[in-house]
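J.: Okay, sequence plus prediction incoming.
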Amino acid sequence: MLRIRRELVDEIVAHARRDHPDEACGVIAGPEGSDSPERFIPMLNAARSPTFYEFDSGDLLKLYRELDANGEVPVVIYHSHTATEAYPSRTDASIAAEPDAHYVLVSTRDPEVHEFRSYRIVDAVITEEPVEIID
């Protein structure tokens, strides 16, 4: 189960809306070993695509160095889908490289309502998990 503060959910959704019609992506870091999402880190979608996201390799290297220096890990890895439901694509599953992370997807296909769902993805196997939003 993903337990996440409402303000972090709001930041993810706002980032997804800002970057629409391109997919948005980013990370929420937390203390190593805690499974607690704490620090919102929006990233640039290097693909600048409405159907695919890709972290810039230089930005990703910088991020992992920063996480290591702070004793943090990527607790949540998020991205948006702009025209489809908030469910990982085959590509999303194939590039998921953090077996302990929560993979959050937000769909911005409806301008009034968003879908917010979380998954565990291990060896390209997708398992949806409940989300508890904490006020």
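T.: Received the coordinates, thanks. Residues are numbered from 1 along each chain as shown.

J.: so what's the residue lying farthest from the centre of the chain up against?
T.: Within the chain, the residue lying farthest from the chain centre (C-alpha atoms, centre = their mean) is A69, at 21.3 Å. For A69, the contact set (C-beta atoms under 8 Å, 6 or more residues apart in numbering) is empty. For every residue, glycine as well, the C-beta is placed using N, CA and C.

J.: go on, D135?
T.: Taking C-beta under 8 Å, 6+ apart, we find D135 in contact with R5, R6.

J.: if we can go back for a sec, quick check: which element contains the residue farthest from the centre of the chain?
T.: Using DSSP states H and E, A69 sits in helix 57-70.

J.: same deal with E11?
T.: Using DSSP H and E, the element containing E11 is helix 6-19.

J.: where does the chain have low pLDDT?
T.: Residues of the chain meeting the criterion pLDDT under 70: none.

J.: Look up how far R65 lies from the residue nearest in space to the middle of it.
T.: For the chain, Y78 is the residue whose C-alpha lies nearest the centre (C-alpha atoms, centre = their mean; 0.8 Å). The gap separating Y78 from R65 is 21 Å, by C-beta to C-beta, to the nearest Å.

J.: swap in F40?
T.: Distance of F40 to R65, computed by C-beta to C-beta: 18 Å.

J.: Could you do A83 as well?
T.: Distance from A83 to R65, by C-beta to C-beta: 34 Å.

J.: No further questions, thank you.
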